[in-house]
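In: Turn this into a structure:
(3 chains)
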Amino acid sequence: MTARRIPGWQGEPLRFRFDGHEYEGLRGDTLASALLAGGVRTVAQSPSLDRPRGIYAAWTEEPNALVRTGVEPMVQATVVELADGLDATSLTGRGRLSDEPDTGRYDAVHAHCDVLVVGAGPAGLAAATAAASTGARVIVADDRPVAGGSLPDTAETVGGLPGARWAAETLAALESRPDVRVLTRTSVFGHYDDNYVMAVERRGEGAASRERVWRIRARHVVLATGAVERPIAFAGNDRPGVMLAGSARAYANRYGVLPGSRAVVFTTNDGAYAAAADLSAAGVEIAAIVDVRQAGGAAWDHEVVPGEVITGQVVTGVGGEREVASVILSGGREIEADLLLVSGGWNPLVNLFSQAGGELRYDAAVGSFVPGPVRQAVEVAGAARGVFTLAGCLEDGAQAGARAARAAGFHVEGSPQTPRTPEEGPVTPAEHLWLVEAADYGTHFVDLQRDVTVADVMKATGAGLRSVEHVKRYTTAGTAHDQGKLSGLLTGAVVAHALGVPIEELGTTTFRAPYAPIAFSTLAGRDRGALHDPVRTTSLHEWHAAYDAPFENVGQWKRPWYYPREGEDMEAAVLRECRAVREAVGAMDASTLGKIDVQGPDAGVFLDRVYTNMMSTLKVGAIRYGVMCRADGMVFDDGTVIRVAEDRFLVTTTTGNAAAVLDWMEEWLQTEWPELRVFCTSVTEHWATVALAGPRSREVLAGLAPDLAVDAASFPFMTWRDAEVAGLAARVCRISFSGELAYEINVNAWDGLALWEAVMATGVVTPYGTETMHVLRAEKGYPIVGQDTDGTVTPADLGMDWVVSKKKADFIGRRSHLRADTSRPDRKHLVGLLPQDGARLLPEGAHLVETPTLPEPPVPTLGHVTSSYRSAALGSTFALALVSGGRDRIGEVLYVPLGDERVPVTVTSHVLYDPEGARRDG
Amino acid sequence: MAERLSPLARFTPVTTDDLRIAEVPFLTQVNLRVDPKSGAAADIGLALGAPLPTGPGTYASATGYDVLWLGPDEWLVVGAQGHDVEGVIRAAAGDAHVGVTDVSAQRTVVAVDGRRSRDLLAHGCALDLHPRVFGPGRCAQTMLARAQVVLTARESDEFRVFVRSSFAGYLAAWLLDAAVEYLPDGPVTSR
Amino acid sequence: MLLIPCPWCGPRDESEFHYGGQAHVAYPADPSALSDEEWARYLFFRDNPKGRFAERWNHTAGCRRWFNAVRDTATNEIQAREVTA
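Out: Below is the predicted model of the structure:
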């Protein structure tokens, strides 16, 4: 290996490792340029054919040089900025995720602008300058560490300055403006509807976040994304030493690195001549230029580059064991060289334009697809739309930037000025060539990263595939980590060749986000760990947490599940809590129930329409249980309704449905019944609610509320009273979800903890959690909407015919209850199940079958278990289940298949405890 | 007897030069529903000292009150702690058809203030918070991170975030975590 | 992420809205007068055109108002909108 840095090239030396070997590079290098400088030519083995592969390109289009670094499981060496101590390992086509969690910090931010410019090359900088000069808010996003796009690659001059310096100064001038934001190292990876554009900024290890996702909403977008050089398919075109001509030029001009010592240039166009000139000046011997055009390139100046020009020929193969040692021409000559530079022309990078909904059209002069019409407010400028001269890009960008600002409502004065550039000579038209024809296409690669050859594509077309989309999926060409930047159009061209149709007839495959690979950890951002999803807590939360109660997730709410005492497991704690409520008194935090204030003279009429039962007849001071159905007749929610005043009700909903019920009410009021004078307002979190349940609840309440008459006659079941409880203004409702004498005490949420502590200070009240609440309600056969129902269950299925009014002319769901289907006798009914072995706890979700032996599949199932618990009161386990014709099966034995067992269960009424309701008055 | 407890009573405020985050607890908040063209709406405006704002996304400040536009017939009237806002409105409305609901404890208020307040909120708020677009007098119901909020812009880079009490702990933790970048001493919490 | 023009709050991100399906499907004046088939048609049958489609949206994370909008289902362009009721 010989050092291949251009003599005199300066930079801070950095040490790094690649595949265990030590190397030295310079600050400003990419890993790829540093490897080339270190004389490394083979950087990877190909994934399925195990062929040696070298560095093929110089930026995001690189298909071969994939590496793993400290935090990146798979990244192109051509985009890795060299850092001191970098340790990289080569990959064979695919990476492997680390077993360790990524502890880096990633975040996201929203941004807005009048004009977003994607790309800080000549066109992008000109566009941004023109737009910013109008006062428009501008964001410039560019994926490279330094501005200028291709300028540092080509070393052209702008306004008399070296291009890179002009770009840096222009960017600095932009950045100094108050309403311009410049984002470098920022890859725009998605362009969505209404100019919603997503980008990822690589901020580095020292920053507050390693990477940041930008969610940009732009009024207008200028895409100045440039172009990528087009490869040519010929035998052995994957051999280390084959490189895109423009990329080799970039290594010389941008990084001061020579990718070889003696080169053959294979070209279809004039561009490669300039590359050859620069490389020659940098010290690469140009052995020959092989130009497919009979006339060659007019711009060739033998004074600048000594070397032979061979016109009208193509490269048919390469010599050399593992790396290029010679180049074989169609005329039969073999030329010694360690570098074969290829240029098939340039493909405009239309990926984002296409994602944005833009149509593409084939441009015969460019030999590629260029932007056509687009319905979004998008401009395309420069090489991205096939303008390939520097002066043209500057002019095109300035015009596009001005148009974008004008369209965003800003005043553009005169026509934008662009800096002068050296004169460019006449251009000889390119002669487009994608494929060097041969008898055997086994080493003509179209997708280096997926190891797909022209032979593979021919196999696909031979099998009858006619669409590039199908060929892509059949061969996997274009589906790799490089997103098919080099292989996509080449594959299309080869398919066109194989089918004998023009390339424009086939079109392209769909361009999809992300344009560049993005890590899941970046997309997840800060929405992980404790911030993954909102945690909703009640005003009593800190008491539950201090008790170390495990929490149950109910939607986003954290609800205390049970309150274990020293040495208790869940089962013991729940049995104890259940016994306390059935035999003494317990208290539960019921604050999560949804609460809606319904006001207005038509409130009663409105509630009559949304509940299945009658609410308008409810007396002030009274409470009624109600069920809501969707229009399809299926149970949607349930809860209590209390009448606060003639024109005011307070409705409670299930914990999980609070928002949905309010939305439901608003929907009907706004869209169907605007004539009803009703207003609905959520008060869920305004109130804290403590449920006090058990035969001794009355005496506890009496002690806390000495002024409240609590005897059964003064404070009957299903009524409410405003009272002072524990010195706090409270509304006490006598309702029960356990079958026991019970109260729900509501206070302002600020006072919730004070109320709870006062209840606990009585010393006789056992705190109980959601599991005990579930057991107690299930013993009474009270369903939980969403657990014992699933959107296919009517009130009648639940055995709750009594809650469905026969008097009302209509309510939501009524018509569906009249359908034949909702009265079928084999509908699934809510029933109870008692396992014959009372110690056996059935799993929720278990199926029920009729016989102890299973027939051949498909096995007919009668239904499934919806709730299952151990009951202290019943001295046995029990379950609720939805069972076909269940109410007609009471007393029957059914079977629950569990593994190899069929567990026998007896069907019972869904009300298993205190069916007479004797306990509710204490 | 325990004290009243606001949702963020245990939250340690952020007090740096560039960024301040603190709860403004126990404000009186009343949700008002009324036809804006009705006499009741005008009477309520008179009683509050400022006409109910009818411009979407704006709020009006009167002595002792902020009146936030929530919808074409809905406002949030915010007053000082202990102020009987509901009584004032009900007295003004008389027998008219209005919806007046005390929602003081439904939401708490977080003040986000300082030179970096916009940068902080932009991590989780999709609205354009540029001073020309969302300056003093603007309000919006929107999402901040994954919580629904009512956001108001006040003078000199101050915002007030009205957040449902059950989401307050989440939102405060989220704000603290987002603030890491803008605090001189770095992380307040670890993940 | 569409930018949906709420008639009240102005353009907001799609994620602030709930979709309400086809517009102008009114709740029948007298459901009991409908045959099962007519009722099923109200409940379950909706158009699904490629192109212009009048549909309902609710600005759930904002002003909570319902409105109708005409959206081109092929391009997602929203071409008109109206306040409900």
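
In: Can you classify the nearest residue to residue A:488 once chain neighbours are set aside by secondary structure?
Out: Leaving aside its chain neighbours, residue A:488 sits nearest to residue A:478 (4.5 Å; criterion: CB to CB, 6 or more residues apart in numbering or on different chains). (Each C-beta comes from the backbone N, C-alpha and C, glycine too.) The three-state assignment at residue A:478 reads coil, by DSSP: H, G, I helix; E, B strand; the rest coil.

In: I'd assumed residue A:448 was in contact with residue A:478.
Out: No - the pair residue A:478 and residue A:448 does not pass the contact test of CB atoms under 8 Å, sitting 11.4 Å apart.

In: what about the closest residue to residue B:78 other than its chain neighbours, distance to residue B:152?
Out: Sequence neighbours aside, residue B:66 is the residue nearest to residue B:78 in space, at 4.5 Å (criterion: CB to CB, 6+ apart). For residue B:66, the distance to residue B:152 equals 7 Å [CB to CB, to the nearest Å].

In: same thing with residue A:714?
Out: Residue A:714 is 47 Å from residue B:152, by CB to CB.

In: Between these two, tell me which one has more neighbours.
Out: Remark: of residue A:714 and residue B:152, residue B:152 carries more neighbours, 25 against 10, as counted by other CB atoms under 10 Å in any protein chain shown.

In: For the residue most central in space within chain A, give me its contacts.
Out: In chain A, the residue lying closest to the centroid (CA atoms, centre = their mean) is residue A:523, at 6.5 Å. Shown in contact with residue A:523 (CB atoms under 8 Å, 6 or more residues apart in numbering or on different chains): residue A:213.

In: Dump the host helix or strand of it to CSV, keeping only the CA atoms.
Out: Per DSSP states H and E, residue A:523 falls inside helix A:520-524. What follows is helix A:520-524, C-alpha atoms only, in CSV (Å, rounded to 0.1, in the frame of the first residue of the first chain):
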residue,chain,number,x,y,z
PHE,A,520,-35.5,4.0,14.4
SER,A,521,-34.0,5.6,17.5
THR,A,522,-33.9,8.9,15.7
LEU,A,523,-37.5,8.6,14.7
ALA,A,524,-38.5,7.6,18.2
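
In: pLDDT wise, what is the residue nearest to the centre of chain A at?
Out: For residue A:523, the pLDDT comes out at 95.

In: thinking again about what came up before, what about the residue nearest to residue B:78, helix or strand, and which?
Out: Element membership of residue B:66, judged by DSSP H and E, is strand B:65-71.

In: Could you identify the helix or strand that succeeds that strand?
Out: Next along the chain from strand B:65-71, counting by DSSP H and E, comes strand B:74-79.

In: helix/strand/coil for whichever residue of chain C sits closest to chain B?
Out: At 4.0 Å from chain B, residue C:63 is the closest residue in chain C, using CB to the nearest CB. Three-state assignment for residue C:63 (three-state DSSP): coil.

In: hang on, isn't it packed against residue B:71?
Out: Yes - using CB under 8 Å, residue C:63 is in contact with residue B:71, at 4.0 Å.

In: Overlap of the contact sets of these two?
Out: residue C:8.

In: Just want to know which of the two has more residues nearby.
Out: residue C:63 (24 against 17).

In: how close does the more buried one sit to residue C:14?
Out: Distance from residue C:63 to residue C:14, by CB to CB: 16 Å.

In: Next secondary structure after the lengthiest helix in chain A?
Out: Across chain A, the longest stretch assigned as helix under DSSP state H is helix A:390-407. Following the chain from helix A:390-407 toward its C-terminal end, the next helix or strand by DSSP H and E is strand A:445-447.

In: That next one pairs with which strands?
Out: As defined by DSSP bridges, the strand partners of strand A:445-447 come to strand A:452-453 (antiparallel).

In: Please compute how far stretch A:61-75 lies from its chain's middle.
Out: 22 Å (CA atoms, centre = their mean, to the nearest Å).

In: mean confidence for it?
Out: Mean predicted confidence for stretch A:61-75 is 91.

In: in that stretch, what counts as buried?
Out: A:61-69, A:71-75 (16 or more other CB atoms under 10 Å in any protein chain shown).

In: Now do the strands in chain B.
Out: B:14-15, B:20-24, B:28-33, B:59-62, B:65-71, B:74-79, B:99-102, B:107-113, B:139-144, B:147-153, B:159-164 (DSSP state E).

In: CSV for those, including mean pLDDT?
Out: Putting the strands of chain B into CSV (pLDDT from 0 to 100) gives the following:
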stretch, mean pLDDT
strand B:14-15, 94
strand B:20-24, 98
strand B:28-33, 98
strand B:59-62, 94
strand B:65-71, 97
strand B:74-79, 98
strand B:99-102, 98
strand B:107-113, 98
strand B:139-144, 98
strand B:147-153, 98
strand B:159-164, 98
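
In: Figure out which of those is closest to residue A:224.
Out: Closest to residue A:224 of the strands of chain B, according to CB to CB: strand B:139-144, at 32.3 Å.

In: Neighbouring strands - and their directions - for the closest one?
Out: strand B:147-153 (antiparallel).

In: tell me which residues form a beta bridge with residue A:744?
Out: Applying DSSP bridges, one finds that residue A:744 bridges with residue A:691, residue A:733.

In: overlap in contacts of residue B:66 and residue B:152?
Out: residue B:59.

In: In the stretch 201-350 of chain A, which residue sits closest to chain C?
Out: residue A:217 (6.9 Å).

In: and that residue, what is it in contact with?
Out: Counting by CB under 8 Å, 6+ apart, residue A:217 has contacts A:110, A:111, A:112, A:113, A:194, A:195, A:196, A:197, B:126, B:128, C:3.

In: redo that, cut-off 7 Å
Out: With CB atoms under 7 Å, 6 or more residues apart in numbering or on different chains as the criterion, the residues that contact residue A:217 are A:112, A:195, A:196, C:3.

In: Can you pull the phi/psi pair for the residue nearest to residue A:488?
Out: phi 90, psi 10 (degrees, to the nearest 10).

In: if we can go back for a sec, how far off centre is the helix holding residue A:523?
Out: With CA atoms, centre = their mean, you get 8 Å for helix A:520-524.

In: Then stretch A:674-681?
Out: 38 Å.

In: Span of it from start to end?
Out: By CA to CA, to the nearest Å, the extent of stretch A:674-681 from end to end equals 16 Å.

In: Thanks again, I'm all set now.
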